[in-house]
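Chemist: Take a look and give me a structure for this.
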Amino acid sequence: MSASSGPTTLSLASAAPRLRRERILAIGLMAMALVCFTALDSSAKYLSRELPAVEIVWARYIGAALVAATATRVFRRPRLLRSRRPLLQGLRSLLLFGSTVGNFVALRKLQLAETSTIAFLAPMFVALLAGPLLGEWPGRARLAAIAAGFLGVLIATRPGAHAFQAIVLVAVAGALCNAGYFLATRGVAKYDSGQTTLLWTQVVGVLALTPLLPWFWTAPIDARGWIVMLGMGAFGVVGHALLIKAHRLAPASVLAPFGYTQLLWMIASGWFIFGDWPPATTFVGAALVVACGLFLLLYERRTSAKA
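Modeler: Have a look, this model is predicted:
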């Protein structure tokens, strides 16, 4: 070993424990964020008993807008709202809006475990759409994983076995919008900062929904409804703040696999709050969808490492 390599080796060795602690902390923050997002979806499902979907989605966007405004300090730096690709930013924001609406509408009829399973189709839609939109065509291994993931959703939701088949399609459309949102995010990252993109995401949702409130607004029937509505905004604020902090401490590739643990929280919340215990087919289908998503993630890592 040369003398010049000694300090570098020692510095790397001393940095390893700190890096490990940061990643463990990031995973813990990610887990807490997923608990908040589960509480957010649970609140939306609870409020859907008495409030229109437009009002519920608006409450979610107001909470997220507070996070974005606080994180970016936009009131001191209004220039952050300027986008070099406003049409692409607008499309991206509308795709997330469609994903949110699809998810919240589906929550009216489907169990939390079912909507969560369908939402995990998004990475598979991304792999499927990356070919025609970005020229990144999936190979046979990816196509097989995508097909198996769709089979998992069919097993989990049992189309034709109950009255919610149309609602399943709404949830699938929401997952498709979420995939388009992800791809648009990759495109807009070439032109705008992350802070600008974060602001546009929330501002477009608030501007799109606020003018509709006079026609859809329904006051909660009791204090519990108001508390849940306020809580939904709080869960969104805290969840996004935890997620932002987690991604500052660890790369997305490290945190992504833990996103699938949200399914466990959704199952627990559905049983505890709504008395919904998923049938065995939902567990089987969800396991297949999660396995396919993890396979795609690992496949992407290996492909990137070889490149």
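Chemist: Show me what the longest helix seen in the chain is packed against.
Modeler: Among the segments of the chain that qualify as a helix by DSSP state H, the longest is helix 5-47. Based on contacts counted as 3 or more CB pairs under 8 Å, 6 or more residues apart in numbering; DSSP states H and E, the elements that helix 5-47 packs against are helix 53-72, helix 86-106, helix 112-119, helix 223-249, helix 252-255, helix 262-274. Using the backbone N, CA and C atoms, a C-beta is placed for each residue, glycine as well.
Chemist: Those: which one's closest to Trp200?
Modeler: Of all the helices and strands packed on helix 5-47, helix 86-106 sits nearest to Trp200, with 4.5 Å by CB to CB.
Chemist: Helix 112-119 and the closest one, what's the angle between them?
Modeler: Computed by axes from the mean of the first three to the mean of the last three CA atoms, to 10 degrees, the angle separating helix 86-106 from helix 112-119 equals 150 degrees.
Chemist: what's the neighbour count on the nearest residue in space to Ser43 that is not next to it in sequence?
Modeler: On the basis of CB to CB, 6 or more residues apart in numbering, the spatially nearest residue to Ser43 that is not a chain neighbour turns out to be Met232, at 4.0 Å. Residues near Met232, counting by other CB atoms under 10 Å, number 23.
Chemist: What of Ala166?
Modeler: The local packing count at Ala166 equals 10, with neighbours defined by other CB under 10 Å.
Chemist: tell me which element it falls in.
Modeler: Ala166 is part of helix 165-188 when elements are defined by DSSP states H and E.
Chemist: and that helix, C-alpha only, in PDB?
Modeler: Output of helix 165-188 as PDB, limited to C-alpha atoms (Å, rounded to 0.1, in the frame of the first residue of the first chain):
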ATOM      1  CA  GLN A 165     -65.000  -4.500 -10.900                       C
ATOM      2  CA  ALA A 166     -65.500  -1.000 -12.400                       C
ATOM      3  CA  ILE A 167     -63.900   0.500  -9.300                       C
ATOM      4  CA  VAL A 168     -60.900  -1.800  -9.800                       C
ATOM      5  CA  LEU A 169     -60.500  -0.300 -13.200                       C
ATOM      6  CA  VAL A 170     -60.600   3.200 -11.600                       C
ATOM      7  CA  ALA A 171     -57.800   2.200  -9.300                       C
ATOM      8  CA  VAL A 172     -55.800   0.700 -12.200                       C
ATOM      9  CA  ALA A 173     -56.200   4.000 -14.100                       C
ATOM     10  CA  GLY A 174     -54.800   5.800 -11.000                       C
ATOM     11  CA  ALA A 175     -51.800   3.500 -11.000                       C
ATOM     12  CA  LEU A 176     -51.300   4.200 -14.700                       C
ATOM     13  CA  CYS A 177     -51.500   8.000 -14.100                       C
ATOM     14  CA  ASN A 178     -48.900   7.500 -11.300                       C
ATOM     15  CA  ALA A 179     -46.600   5.700 -13.800                       C
ATOM     16  CA  GLY A 180     -47.000   8.600 -16.300                       C
ATOM     17  CA  TYR A 181     -46.300  11.000 -13.500                       C
ATOM     18  CA  PHE A 182     -43.000   9.200 -12.700                       C
ATOM     19  CA  LEU A 183     -41.900   9.300 -16.400                       C
ATOM     20  CA  ALA A 184     -42.800  13.000 -16.700                       C
ATOM     21  CA  THR A 185     -40.800  13.600 -13.600                       C
ATOM     22  CA  ARG A 186     -37.700  12.100 -15.300                       C
ATOM     23  CA  GLY A 187     -38.400  14.300 -18.300                       C
ATOM     24  CA  VAL A 188     -38.800  17.600 -16.400                       C
END
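Chemist: That one vs helix 112-119, what angle?
Modeler: Orientation note: helix 165-188 sits at an angle of 50 degrees relative to helix 112-119 (the same axes, to 10 degrees).
Chemist: which residues are in contact with helix 165-188?
Modeler: For helix 165-188, the external contacting residues (CB atoms under 8 Å, 6 or more residues apart in numbering) are 83, 85, 88-89, 91-92, 95-103, 105-106, 108-110, 114-115, 118-126, 128-130, 133-134, 153, 157, 159, 197.
Chemist: wait, the residue nearest to Ser43 sits on Arg60?
Modeler: Yes - counting by CB atoms under 8 Å, Met232 touches Arg60, with 6.3 Å between them.
Chemist: Which neighbours do the two have in common?
Modeler: Taking CB under 8 Å, 6+ apart as the contact rule, Met232 and Arg60 both touch Leu40, Ala44.
Chemist: Which pLDDT does the model give the residue nearest to Ser43?
Modeler: With respect to pLDDT, Met232 scores 82.
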